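> The amino acid sequence is not available; the structure is as follows:
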């Protein structure tokens, strides 16, 4: 009897997340959810804004260059780790670590470890994501404007 090979299915979708600005106002950013990403990432532009926000927890700059490889095999330079509180609908998700990437094409990327910790269930047919470990919050998928 032949063995069945289990294949990993990559699921990517976009959601909106909130970050409090320096005055305590909620700012909305687009976040790519990527079931195959091994880390959360944030653009340097958004990280610089977040460092002066009420959502900021901490930042640790790398003392030597750190390179990561994207799914398309492109090398990306990481400059540090940003710890941030993000808001998903009305719920706060505390102390989420993001790798800061200067040339990241997305505002944020949530990777597999965080999605697993949140208990994320991505329902493409219903066009939403349910976070079972975040009080069952259901977030509609978003289309980023071009």
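Everything's here; your move. The shown structure was predicted, so the numbers you read here are calculated from the model rather than taken from an experiment.

> the strands in this protein, which residues?
Assigned by DSSP state E, the chain shows strands spanning 12-20, 26-34, 41-43, 56-69, 75-88, 91-101, 108-110, 120-123, 128-131, 137-140.

> any residues touching the first one, and which ones?
When you say that, I think you mean strand 12-20. 26-35, 46, 49-50, 53-55, 84-88, 108, 122, 124, 129, 139-144 (C-beta atoms under 8 Å, 6 or more residues apart in numbering). Any C-beta I mention is one placed from the backbone N, CA and C, and that applies to glycine too.

> Can you say which of those residues are buried?
Judged by neighbour count, with 16 or more other C-beta atoms under 10 Å as the criterion, the buried members of the contacts of strand 12-20 are 29, 31-35, 46, 49-50, 53, 55, 84-88, 108, 122, 129, 139, 141.

> Show me the residue at the heart of the chain, geometrically.
residue 110 (2.4 Å; C-alpha atoms, centre = their mean).

> Per-residue pLDDT of that residue, please?
Note on residue 110: pLDDT of 91.

> and it, how far is that from residue 45?
Residue 110 sits 18 Å away from residue 45, going by C-beta to C-beta, to the nearest Å.

> Surely residue 54 and residue 26 touch.
No: if you go by C-beta atoms under 8 Å, residue 54 and residue 26 don't touch, sitting 9.8 Å apart.

> nearest residue to residue 29 other than its sequence neighbours?
residue 107 (4.3 Å; C-beta to C-beta, 6 or more residues apart in numbering).

> Can you check the pLDDT for the one you found?
92.

> and what of residue 10?
pLDDT, read off for residue 10, is 65.

> can you check residue 2 too?
Checking the pLDDT column for residue 2, the value is 37.

> cool, the one 4 residues further on as well?
In this prediction, residue 6 carries a pLDDT score of 42.
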